[in-house]
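Trainee: compute the structure for the input listed below.
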Amino acid sequence: MSGHGDAQPMISAKCGALSGTAAVPGDKSISHRALIFGAMAVGETRITGLLEGQDVLDTASAMRAFGATVLRHAEGAWTVRGVGTGGFSEPEDVIDCGNSGTGVRLIMGTMATTPITATFTGDASLRKRPMGRVTDPLALFGARAWGRSGGRLPMTVVGAADPVPVRYTLPVASAQVKSAVLLAGLNAPGETVVIEREPTRDHSERMLLGFGAELHVEKTGEGHVITLRGRPELRPQTVAVPRDPSSAAFPVAAALIVEGSDILVPGVSQNLTRNGLYLTLVEMGAAIDFLNPREEGGEPVADLHVRFSPGLRGVEVPPERAPSMIDEYPILSVVSAFAEGKTTMRGVKELRVKESDRIDAMARGLEACGVRVEEDEDTLVVHGMGPGGMPGGATCRSHLDHRIAMSFLVAGMAAKAEIAVDDASPIATSFPIFESLMNGLGAAIRQG
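Mentor: Below is the predicted model:
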């Protein structure tokens, strides 16, 4: 069963060449942040291109619960009238963040240095995910948290009445934890410092600067040192959300493995902290041209021209690339199954604590589809079967994970036999138009 209703099986069959333009939704990471930062600014923030997936809609509801005025005016066009840094009011009910680890962790950070209490929950998948990695550093500011065993939701957070600034070194590469600490630091006096040994997606830093925060980043022997001065008055902004590179990965991958395909994916974010998949695909021999590079909403973007690539070959994906493509390993493992040779993905243990254990979910699903896979705690190896070589013919479990569901539906488009997923309903959290967009390109995806 899905976290929001009955399971929705879906089936994907081998299809002809894909063609046309794939206008994927707005970036999910930036959409979350635009709503949250708008709620912390003084005045009205205007947002265009907002992703209207369930994850982001849940964050919009949460911002309303904390006192901000959040309005939808047209598709992707929203405004947020904020309450200022430290201006959140105590919500009257439990905050349901649905499937979104980003949403719940960033919101916890945002309220952790305001003297209010909030209780958070989510769907069955989110309630399995560890929150200690966020509540531990938030405790350094003076916040307190009580949850289920293992630091899991539902969880009540009591914000610090007299917060103190902190200096925190991330034990694991995590943009969510980094962002939560920076957001907490906004309402603490003095300077809050976050040190990351490996760079992670930098949307929070870019957006903080855009909203008027005093922040600087320095590369030292410790790593990237991010220093934020607390208690600024954030200025409302006009935010143009670029298209999501993680969502774009699915039509891109499909075009690479479906014979004769030729598609355009316009306006995709090319942020260097998010482009690891695309670097890897080019190394594998993918026919991807990056056209019309430009900047939109403070983010670099480009139009992707993608063509069927029968010469894909397996590669070694270095562990240091993981933070820039952590959400894309499931779809990379599908592309790898249609390449020649072995693709080895190292440094991927973070996948075991995402919406599902993504290493296990992909390994079991690929094996069911006839692909040889090896894994250990921190590594996934896929033995490619060449163009059209995957037998398919299996029903794969999505584990309430949108990226697992979409990855196997893409695999079905090029496999010899249909591939089904037991529950595609989680796709609505990040890519609600996935089925219609892919079928518009020529896919044969149907409800099961």
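Trainee: got the domain boundaries for this protein?
Mentor: Structural domains assigned to the chain are 10-26+242-447, 28-233, following automatic domain parsing.
Trainee: export these to TSV and tack on mean pLDDT and mean neighbour count?
Mentor: The C-beta positions use only the backbone N, C-alpha and C, and glycine is treated the same way. Listed next are those as TSV, based on pLDDT from 0 to 100; neighbours: other C-beta atoms under 10 Å:
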stretch	mean pLDDT	mean neighbour count
domain 10-26+242-447	96	21
domain 28-233	97	20
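Trainee: you'd agree residue 446 is up against residue 10?
Mentor: Yes - counting by C-beta atoms under 8 Å, residue 10 is a contact partner of residue 446 at 7.1 Å.
Trainee: check contacts around the residue of the chain most remote from its centre.
Mentor: Most distant from the centre of the chain: residue 162, at 32.6 Å, with distances by C-alpha atoms, centre = their mean. Contact analysis of residue 162 by C-beta atoms under 8 Å, 6 or more residues apart in numbering lists residue 142.
Trainee: equivalent analysis for residue 198, please.
Mentor: By C-beta under 8 Å, 6+ apart, the contact set of residue 198 is 173, 223, 320, 323.
Trainee: can I get these in TSV including secondary structure?
Mentor: Output for these, formatted as TSV (DSSP: H, G, I helix; E, B strand; the rest coil):
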residue	secondary structure
173	coil
223	strand
320	helix
323	helix
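Trainee: and the helices in this structure?
Mentor: Secondary structure of the chain by DSSP state H: the helices cover 28-40, 54-65, 101-111, 132-141, 175-185, 203-210, 245-257, 276-283, 329-337, 358-368, 402-412, 434-441.
Trainee: make JSON lines out of these and add distance to residue 14.
Mentor: Below are these laid out as JSON lines (distance: least, C-beta to C-beta, whole Å):
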{"stretch": "helix 28-40", "distance to residue 14": "30"}
{"stretch": "helix 54-65", "distance to residue 14": "30"}
{"stretch": "helix 101-111", "distance to residue 14": "34"}
{"stretch": "helix 132-141", "distance to residue 14": "41"}
{"stretch": "helix 175-185", "distance to residue 14": "37"}
{"stretch": "helix 203-210", "distance to residue 14": "37"}
{"stretch": "helix 245-257", "distance to residue 14": "11"}
{"stretch": "helix 276-283", "distance to residue 14": "22"}
{"stretch": "helix 329-337", "distance to residue 14": "14"}
{"stretch": "helix 358-368", "distance to residue 14": "17"}
{"stretch": "helix 402-412", "distance to residue 14": "7"}
{"stretch": "helix 434-441", "distance to residue 14": "13"}
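Trainee: I figured residue 244 was touching residue 24, is that so?
Mentor: Yes - at 6.0 Å, residue 244 counts as touching residue 24 under the criterion of C-beta under 8 Å.
Trainee: okay, and the common contacts of the two?
Mentor: Jointly contacting residue 244 and residue 24 under the rule C-beta under 8 Å, 6+ apart are residue 268.
Trainee: re the thing from before, look up how far residue 156 lies from the residue farthest from the centre of the chain.
Mentor: Distance, residue 162 to residue 156, by C-beta to C-beta, to the nearest Å: 20 Å.
Trainee: got the contact list for stretch 71-83?
Mentor: Identification of contacts with stretch 71-83 by C-beta under 8 Å, 6+ apart yields 26, 34-35, 38-52, 60, 63, 66-70, 89, 234, 236, 241.
Trainee: same question for stretch 291-306.
Mentor: Applying C-beta under 8 Å, 6+ apart, the set of residues contacting stretch 291-306 from outside is 27, 30, 49, 203, 206-207, 210, 239-243, 248, 251-252, 255-256, 261-272, 278, 286-290.
Trainee: again, 6 Å this time
Mentor: Under the contact criterion C-beta atoms under 6 Å, 6 or more residues apart in numbering, stretch 291-306 has outside partners 206, 210, 239-240, 242, 252, 255, 263-271, 288-290.
Trainee: just stretch 130-137 next, same as before
Mentor: So stretch 130-137 is contacted by 105, 108, 145, 151, 155, 168, 177, 180-181, 353 (C-beta under 6 Å, 6+ apart).
Trainee: swap in stretch 243-258?
Mentor: Outside stretch 243-258, the residues within contact range by C-beta under 6 Å, 6+ apart are 18, 22, 24-25, 27-28, 261, 263, 265, 267-269, 274, 277, 286, 306, 309, 327-328, 331, 335, 338, 406, 410, 413-414, 431.
Trainee: specify the beta-bridge partners of residue 420.
Mentor: Assessed by DSSP bridges, residue 420 has beta-bridge partners residue 11, residue 395.
Trainee: OK, contacts around it?
Mentor: Residues near residue 420 by C-beta under 6 Å, 6+ apart: 11, 395, 448.
Trainee: quick check: residue 120 vs residue 52, distance?
Mentor: Residue 120 is 22 Å from residue 52, where distance means C-beta to C-beta.
Trainee: could you do residue 293 as well?
Mentor: From residue 293 over to residue 52 the distance is 27 Å, taken as C-beta to C-beta.
Trainee: go on, residue 110?
Mentor: Applying C-beta to C-beta to residue 110 and residue 52 gives a distance of 21 Å.
Trainee: do residue 443 as well
Mentor: Distance, residue 443 to residue 52, by C-beta to C-beta: 22 Å.
Trainee: about what we covered before: out of the helices of the chain, nearest to residue 425?
Mentor: Residue 425 lies closest to helix 402-412 among these, at 8.3 Å (C-beta to C-beta).
Trainee: contacts for the closest one, please.
Mentor: Contact with helix 402-412 is made by 12, 250, 253-254, 330-331, 334, 361, 365, 396, 398, 418-419, 421, 424, 426-427, 429-430, 434, 445, as judged by C-beta under 6 Å, 6+ apart.
Trainee: residue 100 reaches residue 54, doesn't it?
Mentor: No - contact criterion C-beta atoms under 6 Å: residue 100 and residue 54 do not qualify, at 8.2 Å.
Trainee: now the strands for the stretch 251-400 of the chain?
Mentor: In the stretch 251-400 of the chain, the strands defined using DSSP state E, counting those that start in this stretch lie at 262-269, 287-296, 299-307, 316-317, 342-346, 373-376, 379-383, 395-396.
Trainee: what lines up beside the second one in the sheet?
Mentor: Read that as strand 287-296. strand 299-307 (antiparallel).
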